[in-house]
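Q: Sequence first, predicted coordinates after that:
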Amino acid sequence: MTLAKVAGFLAVFCQGLPTVIGRPVDQPMVYYDNFVSDRLTKITPSNESLSFAKKAVYNNNETHGICNIFSSFLMTWDGNPDKGKADLVGLMMGVHHFNNRNSAVVKDLEDIDDKCKIRFTLDFVDSEGDPKIATNALSRAIGKDEACVVVGAAYSSVSIPMAVISGINSVPQLSHASTSTELDDHKNYPFFSRLVPSDAGVADAMVKYFAESIKMSHICIVYVSNSYGISYAKAIQNAAYKYSIQTQAFALPSNPDEDTMLQLIQHLKQTNIRYFVAVTFDFEILMASAITGGIVGPDYFWMFTDSIAVSTLEKIVEKGSSEATARMGIGRIYVTPDRPGVKGYDKYLAVYNGIGEEEVAYFNSKLPAQGDIKGVEYYGNFTTDFFNPKSENYQAPDSCALYLYDSVIALGIAACKSAGTDGIFFSSRSQYDYFSTNSFEGASGTIGIDPVTFSRAVNSVRFSIFNSVEAYTSEGKSKFTMESSSTFYNGTWNQKSPFIYADGSKFPPPNLPPTVVNKNFINTTVFVTGLVMFIIISVLSIGFASYTIYNIEHGVMKAAQPHFLCLLCIGTLVLGCTIIPLIFDDKRSNQQFLNHKCMSIPWLVSIGYGTIFSTFFIKTWRLNRLFDNAEALRRIAVKKKDVIGPFFVVLALNIITLTVWTIRSPLFYQRQIISKDEFDRVAESNGSCVKTNGEW
């Protein structure tokens with residue numbers, strides 16, 4: 001691989017503009033390319049800490065402090081280099097606008113002191129997503145004193161080792177896309193910062209959406225086992241804890257094979273959770289395995305992160321196919337400054353869409369070669385159609401291009417603000433400190449840095465939830481596009497349009513499979529049997545009492561003491577009535593009735609049983625008195641009023657006790673949990689009468 005020497009260039013994209021008093025003349029793109037190493041006159045400043053610029057004298061004794069940017073990021077995404085090319089344009093546009101103090105996008109460039117002579121040049125390396133390529137190139141650049149600042153990389157797995165090297169050498173590094181929370185460790189990476197929030201910020205916004213908009217309670221996380229995936233999954237789990245959402249996480253190796261993915265899908269299915277967040281780069285194989293495992297469709301919800309490109313999600317497939325079912329209703333969360341109506345983006349887009357043939361020729365000359373293959377052959381050459389929104393070949397810039405542009409502007413402004421009196425030399429520490437403590441309005445919005453993590457402050461960016469929506473082509477196929485549903489800004493989610501789920505409705509599917517609770521209701525057989533028994537007892541009690549009264553003058557009945565027999569029938573009737581409250585539960589009656597029935601049981605049992613017991617007790621006591629007097633050969637008459645007293649005493653004691661009980665601590669009906677399922681939901685319960693307090 002060769003390094004593409006891209007001298008920091010790009011001027012307003014129009015040459016020949018007149019000189020503005022006190023401002024530099026807009027130079028053509030190639031102008032600063034002429035400041036190559038053999039033209040530089042390196043002068044060591046009197047203060048050795050101010051060493052991050054080289055003094056250059058060129059042509060008519062024009063003096064500049066040249067600061068070379070080393071940049072590395074992935075150029076080819078999903079086999080398509082166009083996104084990477086658009087990102088590279090953002091990087092070069094930032095260099096050009098800073099060098100010429102062009103405020104077409106960032107107004108703060110107007111405020112740079114004219115005494116600042118610092119200009120940027122650029123070395124770019126396609127990292128190919130490989131840390132070795134990027135770190136080897138960075139080490140060589142630092143060794144040759146050709147890395148004044150570092151911009152990149154995109155992948156956290158590449159930025160982390162680069163940040164170690166840049167930190168050791170006190171070279172400020174600014175990433176436009178690396179989001180791993182590991183990079184928040186300022187102790188290990190003292191010169192690293194980024195213009196995107198860390199995964200912790202994105203995860204918190206996403207989980208807040210889950211908790212408030214979907215009312216989610218459980219979620220499965222699928223993550224690739226690299227620094228990006230591990231930190232993202234941990235950030236989701238930490239955020240979920242704050243919102244009381246239960247999580248289960250499953251790791252995937254990089255580039256998993258089909259068998260590994262199918263095993264993962266089986267694990268996901270066994271959890272019985274129906275909501276998934278995927279932090280992975282392998283969309284196609286993941287969803288193909290999910291189709292096989294049966295965890296896609298109307299009963300499931302999938303959310304993807306920025307690891308999956310929009311171009312992967314927007315696709316035309318056969319209508320009604322399993323792939324169409326899998327794609328319907330999925331979501332994607334993304335940082336979205338790149339949308340029309342966002343002030344910075346609109347300004348950037350106006351310049352981007354105005355790029356002409358001269359700029360295109362310059363871009364082609366700066367595409368990095370790959371071995372013996374020229375850049376224009378390896379990546380495909382730029383054409384004016386690339387920048388023409390009316391062309392089918394138009395490549396709209398996305399957020400990475402804006403972040404790269406803002407990264408260069410931020411580093412340039414910080415360098416000028418921290419430069420010495422000569423306007424040429426500056427220290428890396430002063431530049432880094434100024435950048436991390438100041439803000440400006442950039443292409444991607446307000447650039448504000450969190451003072452703790454040195455990442456982009458969450459409240460200075462805009463997140464969006466995108467929804468995969470199905471439409472139909474003229475050929476009858478399903479065409480899926482990602483439509484913005486909700487936007488998160490300054491801590492609040494605002495819905496732009498309803499989210500359409502996989503079943504085509506606006507209502508999210510159940511988070512968990514439906515649960516069948518065994519409430520142990522009184523079944524119909526028991527209910528009917530109890531009712532029949534009550535009827536039998538009632539008929540017999542009333543029947544025998546009626547028979548006794550009807551034959552009360554019969555000699556046999558008189559000898560049997562009919563008033564005791566009637567009391568016995570009343571007692572059995574009252575006690576039999578206890579069956580009625582015992583056979584009712586909340587399946588057949590309401591709470592008020594059940595509360596009353598709970599307290600009626602001790603009343604009926606106590607009075608019924610007390611009546612029966614009193615009857616036998618009185619009858620036995622009467623006989624005892626007769627036998628006792630018979631032994632003494634005394635004649636005695638035991639009247640009814642003599643034996644009825646104990647009955648009323650027992651009845652009164654029962655009534656007093658039950659009344660106090662009812663007033664102070666009445667029983668009420670309540671369901672008691674017997675067991676719960678794996679999600680802490682009630683699996684079995686039993687309805688019973690319980691005490692109001694512990695007095696009884």
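A: Happy to help now that I have it. Numbers count the residues shown, from 1 in each chain.

Q: For the rest of this, base every contact and every neighbour count on C-alpha atoms.
A: Noted.

Q: chain center to the helix or strand hosting Trp661: distance?
A: If you go by DSSP states H and E, Trp661 is part of helix 640-664. Mean-position distance between helix 640-664 and its chain equals 65 Å (Cα atoms, centre = their mean, to the nearest Å).

Q: Report the mean per-residue pLDDT for the very next helix or strand once past that helix.
A: Downstream of helix 640-664, the first helix or strand assigned by DSSP H and E is strand 668-676. For strand 668-676, mean pLDDT rounds to 92.

Q: Mind listing what's buried along stretch 491-511?
A: By neighbour count on 16 or more other Cα atoms under 10 Å, the buried set for stretch 491-511 is Trp493, Phe499, Ile500, Tyr501, Ala502, Asp503, Pro508, Pro509, Pro510, Asn511.

Q: Wait, a strand at the first one?
A: Just to be clear, that refers to Trp493. Yes - looking at Trp493 with DSSP: H, G, I helix; E, B strand; the rest coil, it is inside a strand.

Q: for Leu122, helix, strand, or coil?
A: Looking at Leu122 with three-state DSSP, the answer is strand.

Q: any idea how far it lies from Ser103?
A: Distance, Leu122 to Ser103, using Cα to Cα, to the nearest Å: 20 Å.

Q: give me the low-pLDDT residue ranges for the stretch 251-400 of the chain?
A: 338 (pLDDT under 70).

Q: Tell me where it has helices.
A: 258-270, 283-293, 310-313, 322-327, 343-352, 357-366, 375-379, 399-417 (DSSP state H, counting those that start in this stretch).

Q: The stretch 1-150 of the chain now?
A: Along the stretch 1-150 of the chain, the segments classed as helices by DSSP H, counting those that start in this stretch run 82-99, 131-143.

Q: picking up where we left off before, right, and the helices of the stretch 251-400 of the chain - which one's nearest Ser72?
A: helix 399-417 (10.9 Å; Cα to Cα).

Q: Would you tell me what the next helix or strand after the closest one is?
A: On the C-terminal side of helix 399-417, the nearest following helix or strand under DSSP H and E is helix 428-437.

Q: Just say which of the helices of the stretch 251-400 of the chain is most tucked in.
A: helix 399-417 (a mean of 26; mean count of other Cα atoms under 10 Å).

Q: what sits opposite Arg194 in the beta ladder?
A: Arg194 forms beta bridges with Ser175, as assigned by DSSP bridges.

Q: From Ser227, how far out is it?
A: 16 Å.

Q: again with Ser485
A: Distance from Ser485 to Ser227, by Cα to Cα: 29 Å.

Q: so where does the most centrally placed residue in the chain fall, helix or strand?
A: Nearest residue to the geometric centre of the chain (Cα atoms, centre = their mean): Val207, 2.7 Å. Val207 belongs to helix 199-209 when assigned by DSSP H and E.

Q: Then Phe507?
A: With DSSP H and E as criterion, Phe507 is part of no helix or strand.

Q: Any chance of the buried residues of stretch 491-511 in CSV with pLDDT and secondary structure as columns?
A: Listed next are these as CSV, based on pLDDT from 0 to 100; DSSP: H, G, I helix; E, B strand; the rest coil:
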residue, pLDDT, secondary structure
Trp493, 93, strand
Phe499, 96, coil
Ile500, 95, coil
Tyr501, 95, coil
Ala502, 94, coil
Asp503, 92, coil
Pro508, 94, coil
Pro509, 93, coil
Pro510, 93, coil
Asn511, 92, coil
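
Q: Between which two of those is the distance greatest?
A: Across those, the longest distance by Cα to Cα is 23.7 Å; it joins Trp493 and Asp503.

Q: For Phe250, which of the helices of the stretch 251-400 of the chain is the nearest?
A: Using Cα to Cα, the nearest of the helices of the stretch 251-400 of the chain to Phe250 is helix 258-270, at 7.4 Å.

Q: Tell me the helices and strands packed up against the closest one.
A: Applying 3 or more Cα pairs under 8 Å, 6 or more residues apart in numbering; DSSP states H and E, we find helix 258-270 packed against strand 246-252, helix 283-293.

Q: Would you convert the ones you listed into a markdown table that also reports distance to Phe679?
A: Listed next are these as a markdown table, based on distance: least, Cα to Cα, whole Å:
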| stretch | distance to Phe679 |
| --- | --- |
| strand 246-252 | 9 |
| helix 283-293 | 22 |
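
Q: Which one of these lies nearest to Asn80?
A: helix 283-293 (15.8 Å).

Q: what's in contact with the closest one?
A: Residues outside helix 283-293 that contact it (Cα atoms under 8 Å, 6 or more residues apart in numbering) are Glu258, Met261, Leu262, Ile265, Gln266, Lys269, Val296, Ile308, Thr312, Ser322, Glu323, Ala326.

Q: Between the residues you listed, which sits nearest Glu212?
A: Val296 (23.2 Å).

Q: OK, contacts around that closest one?
A: Here Val296 is in contact with Ala290, Thr325, Ala326 (Cα under 8 Å, 6+ apart).

Q: one more time with 7 Å
A: Ala290, Ala326 (Cα atoms under 7 Å, 6 or more residues apart in numbering).

Q: quick one: it from Ala502, how far?
A: From Val296 to Ala502 the distance is 8 Å (Cα to Cα).

Q: Compute the distance between Gly356 and Tyr405, please.
A: Per Cα to Cα, Gly356 is found 19 Å from Tyr405.

Q: swap in Lys132?
A: 25 Å.

Q: Could you do Cys598 as well?
A: For Cys598, the distance to Tyr405 - Cα to Cα - is 75 Å.

Q: tell me what the top helix by length along the chain is packed against?
A: Determined from DSSP state H, the single longest helix within the chain is helix 591-631. Contacts defined by 3 or more Cα pairs under 7 Å, 6 or more residues apart in numbering; DSSP states H and E place helix 591-631 against helix 562-576, helix 640-664, strand 668-676.

Q: would Val164 count as being in a strand?
A: No - Val164 is assigned helix when assessed by three-state DSSP, not a strand.

Q: what's the closest non-adjacent residue to it?
A: Nearest residue to Val164, sequence neighbours excluded (Cα to Cα, 6 or more residues apart in numbering): Tyr189, at 6.1 Å.

Q: Looks like the one you found contacts Ala163 (just checking).
A: Yes - with contacts counted by Cα atoms under 7 Å, Tyr189 reaches Ala163, the gap being 5.9 Å.
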